[in-house]
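Trainee: Requesting a structural model of the entry that follows:
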Amino acid sequence: MSFALYIARRIHFSKGDESQRVSPPAIRIAIAGIAIGLVVMILSVAIVVGFKKEIREKAIGFGGHLQIHAMTSNKTYETEPICIDDSLMKAIGKVEGITSIKRYTTKPAVLKTSNDFLAVVIKGQDEVDADSFFGRNLKEGSLPETDRDILVSRDIADKMMLKVGDKVRVYFIRSDQNVNQFQFGGADLSIKTRQLNITGIYSSHFNEYDKMMIVGSLPMLQECNGWDSDMASGLEINIADFSELDDRCYDLIFAINAMHDRRGTAFHVQTITQLNPQVFSWLDLLDTNVWVILILMVTVASFTMISGLLIIILERTSMIGILKSMGCSNYQLRKVFLYVATFLIAKGLVIGNIVGIGFCMIQHYFHIIKLDPESYYLEWVPVSAGFLEILAINIGTVIIALLVLIVPSALVANISPVKAIAQQG
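Mentor: Alright, predicted model coming up:
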């Protein structure tokens, strides 16, 4: 054991006369500053990471990580089809990191009951099972099994006074000459109607979609559009790692850039961040808030440690004078008090981690703190902090605290051995 560490341990762990030890309140304040700062930092990171993860998963649930659709498609839900064949699927399958590929079709419609009507969007996709996004968010009833079954959101069900088992009439409007036509605004429009069965009610609390999105059958929408069985609005593609979203997008563009479908339609690839720029820009702003909180908490914790260390040094002035008279260098004395500060920081970290991680676990499993879904898209405060995030917070706190303590520890160089011993005498 080094000389500096030995003296530091004697100072910190000594059980002797209280008058020869550092002031207990100074110790408690320094430890509390570190612990409280660490708790706030852990909670801030865990809440923001959890919130971003939940909102991101909701957006991805409605659109996938990546979408392939017609180059000529506009930004509405009435889309131009692409023809999906084996060559396209094989080209996509060669891209690394892809976990699933699903066809989808969206179509605007009007939902009509005996008392009311509502403009909606019906989305059909290849597969809706218990592990899918809509399966995980199913609140009542069961998933669709036939082409006439649909899922409606809780918002739509409440607005239209619908329940599981009800039958509703849906009107699809499009330009076509195959069905009865009527004049609207100088344009010939056609209507197809379907009577559909409500088998389930879902709720994602993602209001932008819940207020209009109905989940239906892909073949039913293909038939309403007059499309062949290989046609769809596009493909939704999910990947294993969201952080590689842009890389996978470039790989996909490169894989299908020169391809066209059997009708000569070119393909276009977009990421979920491009399809929902407002949502993801808002989520990016949360990172700024986290950095502000982290900087404030580290600053407060550092100032409490500086105050505590100064008190320790001032109370040990006579000891410093004696050690200097015995040949101890300023460098060794600075190390002594930095070791003492390290002991205090370690205690603060232990307490802070226990409280911070403990609260995160309680909130994760018991959802004590609730939220208003209308404002926050979630029913409770989400928390998600991995080992690496917590480790980074701890290491960062230790490094910054020790760096700022180098300056006050230099105070020992200004203490004269003669004056310190004379004052004691």
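Trainee: which residues in the stretch 1-150 of the chain form strands?
Mentor: 66-70, 82-83, 98-112, 117-125, 138-141, 149-153 (DSSP state E, counting those that start in this stretch).
Trainee: Columns mean pLDDT and distance to Leu388 on top of these, output as a markdown table?
Mentor: To be clear about C-beta, it is placed using only N, CA and C from the backbone, and glycine gets the same treatment. As requested, the strands of the stretch 1-150 of the chain are exported to a markdown table (pLDDT from 0 to 100; distance: least, CB to CB, whole Å):
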| stretch | mean pLDDT | distance to Leu388 |
| --- | --- | --- |
| strand 66-70 | 94 | 26 |
| strand 82-83 | 94 | 40 |
| strand 98-112 | 93 | 23 |
| strand 117-125 | 92 | 35 |
| strand 138-141 | 93 | 33 |
| strand 149-153 | 94 | 36 |
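Trainee: would a markdown table of those strands with distance to Thr193 and mean neighbour count be doable?
Mentor: Output for the strands of the stretch 1-150 of the chain, formatted as a markdown table (distance: least, CB to CB, whole Å; neighbours: other CB atoms under 10 Å):
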| stretch | distance to Thr193 | mean neighbour count |
| --- | --- | --- |
| strand 66-70 | 27 | 22 |
| strand 82-83 | 27 | 22 |
| strand 98-112 | 9 | 19 |
| strand 117-125 | 12 | 20 |
| strand 138-141 | 23 | 17 |
| strand 149-153 | 14 | 26 |
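Trainee: Might one say that Val121 is in contact with Lys107?
Mentor: Yes: judged on CB atoms under 8 Å, Val121 makes contact with Lys107 at a distance of 7.1 Å.
Trainee: Need the residues touching each of the two.
Mentor: The overlap between the contact sets of Val121 and Lys107 (CB atoms under 8 Å, 6 or more residues apart in numbering) consists of Tyr77.
Trainee: tell me the mean pLDDT for the helix or strand hosting Gln332?
Mentor: Gln332 belongs to helix 330-366 when assigned by DSSP states H and E. Helix 330-366 shows a mean pLDDT of 90.
Trainee: Could you do stretch 41-55 as well?
Mentor: Across stretch 41-55, the per-residue pLDDT values average to 92.
Trainee: And for stretch 380-400?
Mentor: Mean predicted lDDT for stretch 380-400 stands at 90.
Trainee: Tell me how far it lies from the chain's centre.
Mentor: Here stretch 380-400 is found 14 Å from its chain centre; the criterion is CA atoms, centre = their mean, to the nearest Å.
Trainee: Report the buried residues of that stretch.
Mentor: Trp380, Val381, Pro382, Val383, Ser384, Ala385, Ile390, Ile393, Asn394, Thr397, Val398, Ile400 (16 or more other CB atoms under 10 Å).
Trainee: Of the residues you listed, which belong to helices?
Mentor: Counting by DSSP state H, the part of the buried residues of stretch 380-400 found in helices is Ile390, Ile393, Asn394, Thr397, Val398, Ile400.
Trainee: Name the residues that touch stretch 141-153?
Mentor: Residues outside stretch 141-153 that contact it (CB under 8 Å, 6+ apart) are 122, 128-130, 134-135, 138, 160, 162, 164-165, 168, 194-204, 209-211, 213-217, 219-220.
Trainee: Then stretch 38-47?
Mentor: Under the contact criterion CB under 8 Å, 6+ apart, stretch 38-47 has outside partners 289-290, 293-294, 297-298, 301, 348-349, 352-353, 355-357, 359-360, 381-385, 389-390, 393-394, 397.
Trainee: Recalculate using a threshold of 6 Å.
Mentor: Val290, Ile293, Leu294, Met297, Gly352, Val355, Gly356, Cys360, Val383, Ala385, Glu389, Ile393 (CB atoms under 6 Å, 6 or more residues apart in numbering).
Trainee: Without its sequence neighbours, what residue ends up closest to the fifth one?
Mentor: Of all residues not flanking Gly352 in the chain, Leu38 sits nearest, at 2.9 Å (CB to CB, 6 or more residues apart in numbering).
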